[in-house]
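Student: I'll drop the sequence and a predicted model, then ask my questions.
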Amino acid sequence: MLTAARLGAATLSAALLAGAAAAPALADTPSPTAPAPTAAAPSAAVPESLYGKGDPTYDGVWRQSLALTALASAKVVPADSAVSWLTGQQCADGGWPSYRADTAAACDPATEDSNATAVAIQALVALGGHQDPVDKGVQWLKANQNADGSWAYNPGSPGDANSTGLAVNALFATRTDPAAVAKAGRNAFDGLALFQLGCTAPADQRGAFAFQPDAAGALAANALATGQSALAAAGGKLPVVNANRSDAAPKALPCADGSTEKAVPRADSAEAVGAYLTAQLAAGGQHLTLSNPGAAPTPEYTATAWAALSLVQGGHPQQAGGAVDWLAKEGGAWTKGGTDASATATLLLVAQAAQRNPADFGGSDLVKQLTALGPAPKAVGASSSAAPAKPAKKDGGLSQYWLLGVGLLIGIGGGLVLSLQRKRGPKL
């Protein structure tokens, strides 16, 4: 059974990154709080209607949802089979598992996945026309909210920042007020606030999010948890299309000297995490970093991408710009040359949010790369880079053959005139 009793936040984040050295060449990225794949886990066949070629056991619904969301935003109408595969993964109670190999068999509720459910809801909203599965998905989220307002990866486990943030994203996507989604008097914003570091934390960690409290209840900043939770704190969803912007940098959490206030007020949450992310990106060469004991620091591509999305959503595209530039330059290693569906879709979402050209993002055409990883699309918008080149006009212009014929006639006519002049002799 897949449960939330899994690795610590830092170790887990390392296992999830598509750029990790141990990842297989065509592996796709599992959802943020998924249990780390094990060597003993059986390999599942990859359905033809699924984006990506890696084993879908831990991330089938996750990567399909990200791919459909990104392509819908790029004006690509996906194949019906790709959409029906996603809706067919939904369980009778409205939740989605990470991957459902046998859709004829009833779901085990304990293995249903809040991360998969949240991104599936956002994908179906972006596609439009799928209100019934969306409504059922939202009801599942409401039914499986913890008593403290948070969400766990699997129902019945302690909540975590990533799962809670994704659930809040889904609520925003469906225009459901997170403040009205509550258990035992604790709403979704209360649940998210459980993981944000406030004024009692060291100054350079205030505003960050922890994955989960440690055994003593203490919070430690986690890059992946912060990058993702920040989008929810800023009131965002996928795809990020926020046009609001502030030329000012995000405001650090205001803390009076000697403050004992642990919780971050809702009104300050987005700016506080935005200020933390801005400082971390600047200090890390415009990317977030994973540091494990005994290992060299490595770039956190997923966390950096979500940080960029979150800053744009928070109205700070200028502060996101450096991370977007870094992703454009280095993202090919993350997407494995455009063969990792989850990473490629996330990178496409970043390019779209930052209003960069997805057809030339660091030299890569992300729309074409992602489209090539799944079934042929049903339609492609004229503005999409995946649209085929328009054929040369045949009407209203001169074809090369017509011009050649005219040239031959002129040449023949000129020859006849010269011949006649020679026969007549010179004029006196």
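Tutor: Now that the structure is in, tell me what you want to look at.
Student: Check which residues of stretch 118-138 are buried.
Tutor: Within stretch 118-138, the residues scored as buried using 16 or more other C-beta atoms under 10 Å are 118-127, 130, 133-134, 136-138. C-beta here means a position set from N, CA and C on the backbone, and glycine is covered the same way.
Student: Which members of those are the farthest-apart pair?
Tutor: 126 and 136 (17.2 Å; C-beta to C-beta).
Student: could you pull out the strands for this protein?
Tutor: For the chain, the strands defined by DSSP state E occupy 76-77, 182-183, 186-187, 289-290, 298-299, 379-380.
Student: Quick check: the gap between residue 80 and residue 199.
Tutor: Computed as C-beta to C-beta, to the nearest Å, the residue 80 to residue 199 distance reads 52 Å.
Student: hmm, back to that, name the nearest of the buried residues of stretch 118-138 relative to residue 205.
Tutor: Set against residue 205, the nearest of those by C-beta to C-beta is residue 118 (26.3 Å).
Student: Residue 141 is in contact with that closest one, correct?
Tutor: Yes. In this structure, residue 118 is within contact of residue 141 by C-beta atoms under 8 Å, at 7.1 Å.
Student: joint contacts of these two?
Tutor: Taking C-beta atoms under 8 Å, 6 or more residues apart in numbering as the contact rule, residue 118 and residue 141 both touch 167, 170.
Student: Rebuild the strands of the chain as CSV, extending it with mean pLDDT and mean neighbour count.
Tutor: As requested, these are exported to CSV (pLDDT from 0 to 100; neighbours: other C-beta atoms under 10 Å):
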stretch, mean pLDDT, mean neighbour count
strand 76-77, 97, 19
strand 182-183, 98, 18
strand 186-187, 98, 18
strand 289-290, 89, 20
strand 298-299, 93, 18
strand 379-380, 88, 16
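Student: which one of the ones you listed lies closest to residue 57?
Tutor: Among the strands of the chain, strand 289-290 comes nearest to residue 57, with 23.4 Å by C-beta to C-beta.
Student: how far away is residue 220 from residue 199?
Tutor: The value you get for residue 220 to residue 199, if C-beta to C-beta is used, is 16 Å.
Student: Equivalent analysis for residue 107, please.
Tutor: Noted for residue 107: a distance of 43 Å to residue 199, by C-beta to C-beta.
Student: cool, and residue 135?
Tutor: Taking C-beta to C-beta, one finds residue 135 at 40 Å from residue 199.
Student: cool, and residue 222?
Tutor: Residue 222 is 19 Å from residue 199, where distance means C-beta to C-beta.
Student: quick one: the helices in this protein?
Tutor: Secondary structure of the chain by DSSP state H: the helices cover 9-16, 60-73, 80-88, 114-127, 131-143, 161-173, 188-193, 223-233, 266-283, 301-313, 317-335, 341-353, 366-371, 400-424.
Student: Packing partners of the fourth one?
Tutor: Same thing as helix 114-127. Counting contacts by 3 or more C-beta pairs under 8 Å, 6 or more residues apart in numbering; DSSP states H and E, helix 114-127 is packed against helix 60-73, helix 80-88, helix 131-143, helix 161-173.
Student: Please convert those helices to TSV, extending it with mean pLDDT.
Tutor: Formatted as TSV, the helices and strands packed on helix 114-127 follow (pLDDT from 0 to 100):
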stretch	mean pLDDT
helix 60-73	98
helix 80-88	98
helix 131-143	98
helix 161-173	98
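Student: Out of those helices, which is closest to residue 357?
Tutor: helix 60-73 (13.9 Å).
Student: Can I get that closest one in CSV, CA atoms only?
Tutor: Below are the C-alpha coordinates for helix 60-73, written out as CSV (Å, rounded to 0.1, in the frame of the first residue of the first chain):
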residue,chain,number,x,y,z
GLY,A,60,0.9,8.0,-14.8
VAL,A,61,-1.9,10.4,-13.8
TRP,A,62,0.5,13.1,-12.7
ARG,A,63,2.4,13.4,-16.0
GLN,A,64,-0.7,12.9,-18.1
SER,A,65,-2.4,15.8,-16.3
LEU,A,66,0.6,18.1,-16.6
ALA,A,67,0.9,17.3,-20.3
LEU,A,68,-2.7,17.9,-21.0
THR,A,69,-2.7,21.2,-19.0
ALA,A,70,0.3,22.5,-20.8
LEU,A,71,-0.9,21.5,-24.3
ALA,A,72,-4.3,22.9,-23.7
SER,A,73,-2.7,26.2,-22.8
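Student: thinking again about what came up before, adding distance to residue 239, write the helices of the chain out as a markdown table.
Tutor: Below are the helices of the chain laid out as a markdown table (distance: least, C-beta to C-beta, whole Å):
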| stretch | distance to residue 239 |
| --- | --- |
| helix 9-16 | 21 |
| helix 60-73 | 4 |
| helix 80-88 | 16 |
| helix 114-127 | 6 |
| helix 131-143 | 16 |
| helix 161-173 | 10 |
| helix 188-193 | 21 |
| helix 223-233 | 11 |
| helix 266-283 | 18 |
| helix 301-313 | 9 |
| helix 317-335 | 15 |
| helix 341-353 | 6 |
| helix 366-371 | 13 |
| helix 400-424 | 44 |
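Student: If anything else comes up later, I'll come back, but that's it for now.
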